[in-house]
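Peer 1: What follows is a protein structure lacking sequence information:
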């Protein structure tokens, strides 16, 4: 009886053998779970990077405000705003240098337009000194209000939201790389 009991215990302890298809499916499931975990981890790393960048900007602004003689929340925020504006301007400049954007303030806004503007409240006070975006990437309702506008035009969304004053209009072009490729002679 003792030998029978040991035999059944040994058989119960061993998992049922899987065929090749089941093994592959189990591996695929494990890989999918690992992939999901990696995506979550990548998102968390990106959030941490953004937080570290924001903290670094705040620290640098605090140091600069202290050197200028007055550390206040307002002075720090003004320095951060200036740095953010420089960063946005440099991104647009990079796109111009790469042949992706071409400034044309006289042209009307189309879906192939990149806009730079500022948000102003109902009294004309600047709420946000610089916003920039591609028109084809925004909400269709807002896009409809922007189409055919030009630099200097102001677009109101609603009474409770700030208006957008268009300050710069850029046409989105094909990158220079494509143009250079097309200009190459064929063999």
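Peer 2: Now that the structure is in, tell me what you want to look at. If you're wondering where the values come from, they're calculated on a predicted model, not measured in any experiment. Numbering: from 1, shown residues only.
Peer 1: Quick check: phi and psi at the residue lying closest to residue 163 once chain neighbours are set aside.
Peer 2: In this structure, residue 163 finds its nearest non-sequential neighbour in residue 156, 4.6 Å apart by Cβ to Cβ, 6 or more residues apart in numbering. C-betas here are computed from N, CA, C, even on glycine. Main-chain torsions, residue 156, degrees, to the nearest 10: phi -100, psi 140.
Peer 1: right, and residue 127 touches residue 120 too?
Peer 2: Yes: contact status for residue 127 versus residue 120: in contact at 6.3 Å, counting by Cβ atoms under 8 Å.
Peer 1: Overlap in contacts, those two.
Peer 2: Residues touching both residue 127 and residue 120 by Cβ atoms under 8 Å, 6 or more residues apart in numbering: residue 162.
Peer 1: More neighbours: which of those two?
Peer 2: residue 120 (18 against 12; other Cβ atoms under 10 Å).
Peer 1: right, and the helix or strand after the longest helix seen in the chain?
Peer 2: Assignment by DSSP state H gives helix 20-67 as the longest helix of the chain. Counting by DSSP states H and E, the next helix or strand C-terminal to helix 20-67 is helix 73-97.
Peer 1: what about that following helix, average pLDDT?
Peer 2: For helix 73-97, mean pLDDT is 91.
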